[in-house]
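Visitor: With the sequence up front, the predicted model follows.
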Amino acid sequence: MREVLGSDTAGDGNRWIGMMTLLEFDNMVAAGLTPMETIIAATRDSAKVLKLDQLGMVSTGKSADFIVLDANPLDNISNVRKISKVYLRGHEVDRAGLRAKWQARWSKSTQ
């Protein structure tokens, strides 16, 4: 089996899963994988290991969950951090609305 991304971040309360995933992208490339191999490990191969047939690739019949980036991750894997848009099941996520909601909740909880 090939490498998969994210296999060592879940379940550890001291790690932020999203942040650790971004760092894992960098680490996999630093360890010798190409950016394309790292992206495949994070998407297709991870879905395959978890037996999630509807995920992992943009293809007919699969769930339309994907991100749009502002820069090419094949040029520099750190470009996976430059997220322009997020789509879940084919619908754009209102990131600004979610951010405002979370910030409002966080502000209330810290007062």
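Guide: Cool, the structure landed. It should be emphasised that the depicted structure is a prediction, and the values quoted were computed from it without experimental measurement.

Visitor: all strands of the protein, in order?
Guide: For the chain, strands defined by DSSP state E occupy the ranges 66-69, 83-88, 91-92.

Visitor: what lines up beside the longest one in the sheet?
Guide: Strands flanking strand 83-88 in the sheet, each with its direction: strand 66-69 (antiparallel), strand 91-92 (antiparallel) (DSSP bridges).

Visitor: Of the ones you listed, which is nearest residue 35?
Guide: strand 66-69 (11.8 Å; C-beta to C-beta). Backbone N, C-alpha and C define where each C-beta goes, glycine included.

Visitor: Output the below-cut-off pLDDT ranges for the chain.
Guide: 1-2, 6-17 (pLDDT under 70).

Visitor: Tell me how many other residues surround residue 46.
Guide: Neighbour count for residue 46, taken as other C-beta atoms under 10 Å: 19.
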